[in-house]
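Enquirer: pasting the structure only:
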């Protein structure tokens with residue numbers, strides 16, 4: 001998704017409209033524009049810090065972030081990074097986070113990208129084993145957590161990031177991914193509904 005301006009006041013409404021449609025929300029989503037490194041104290045994703053912007057590589061340079069509060073169909077937070085990719089202003093990574101009801105004793109993460117097999121969960125042994133036993137979940141996650149996409153003539157890449165950590169009596173799921181490119185990067189989808197499905201599947205496997 002390319003933008004014709006680098007101004008957040010012009011690009012924010014476009015991102016909000018697209019994200020609202022993908023979540024199926026009936027009301028506009030509230031959001032704030034963040035300068036990297038400055039976050040609202042009571043933000044669900046506060047503990048994540050600047051992770052989304054820090055994972056970029058190549059010629060991608062973060063400009064700013066839209067932080068969305070989503071209440072329905074599941075409370076979650078979405079950080080949409082806007083970047084400079086070469087000479088283009090485009091969507092960067094999408095950092096989704098949501099709280100899970102079930103507490104965990106220690107974190108689990110997703111392995112790095114593998115060439116001949118799918119990445120699996122590592123970390124806390126019991127939880128990793130339960131999640132890895134769900135073959136459909138592993139397939140969905142490996143498809144959802146993208147590490148590259150095409151924006152015009154530029155290829156935007158980011159490191160793989162998925163973690164589940166103890167949080168506020170339950171746990172916090174955070175996934176950093178990239179948009180799914182369409183029309184050579186001129187359009188894209190956030191796959192927001194798929195994040196909700198993955199969160200529910202993880203919670204059900206815990």
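Expert: Structure received. Note that the structure is a prediction, hence the values are computed from the model and not measured. Residues are numbered from 1 along each chain as shown.

Enquirer: What segments of this structure are strands?
Expert: With DSSP state E, the ranges of strands along the chain come out as 2-3, 30-34, 56-57, 60-70, 76-85, 88-100, 108-110, 121-123, 148-151, 154-158, 161-167, 170-177, 180-182, 187-189.

Enquirer: mean pLDDT lowest for which of these?
Expert: Least confident of those, judged by mean pLDDT, is strand 56-57 with a mean of 50.

Enquirer: wait, which of the strands of the chain is closest to residue 203?
Expert: Smallest distance to residue 203 across the strands of the chain (C-beta to C-beta): 5.1 Å, for strand 88-100. No exception for glycine: its C-beta is placed from N, CA and C like everyone else's.

Enquirer: In this protein, which residue is most central in space?
Expert: Central residue of the chain (C-alpha atoms, centre = their mean): residue 95, 2.8 Å from the mean position.

Enquirer: For that residue, list each beta-bridge partner.
Expert: residue 79, residue 176 (DSSP bridges).

Enquirer: same thing with residue 158?
Expert: residue 56.

Enquirer: Pretty sure residue 175 is one of the things it touches, is it not?
Expert: No: when contacts are counted by C-beta atoms under 8 Å, residue 158 is not listed as touching residue 175 (11.7 Å).

Enquirer: of the two, who's got more company?
Expert: A side-by-side neighbour count of residue 158 and residue 175, using other C-beta atoms under 10 Å, places residue 158 first with 26 against 22.

Enquirer: and the gap between that one and residue 30?
Expert: 26 Å (C-beta to C-beta, to the nearest Å).

Enquirer: likewise residue 119?
Expert: Counting by C-beta to C-beta - residue 119 and residue 30 are separated by 34 Å.

Enquirer: Please say which of those two ends up with more neighbours.
Expert: residue 119 (17 against 11).

Enquirer: Name the nearest residue to the more buried one, sequence neighbours excluded.
Expert: Ranked by C-beta to C-beta, 6 or more residues apart in numbering and with sequence neighbours excluded, the top spatial neighbour of residue 119 is residue 111, at 4.1 Å.

Enquirer: wait, residue 134 sits on residue 201?
Expert: Yes: counting by C-beta under 8 Å, residue 201 is a contact partner of residue 134 at 6.8 Å.

Enquirer: Show me what the longest helix along the chain is packed against.
Expert: Counting by DSSP state H, the longest helix found in the chain is helix 8-23. Packing partners of helix 8-23 (3 or more C-beta pairs under 8 Å, 6 or more residues apart in numbering; DSSP states H and E): strand 2-3, strand 30-34, strand 60-70, strand 76-85, helix 192-205.
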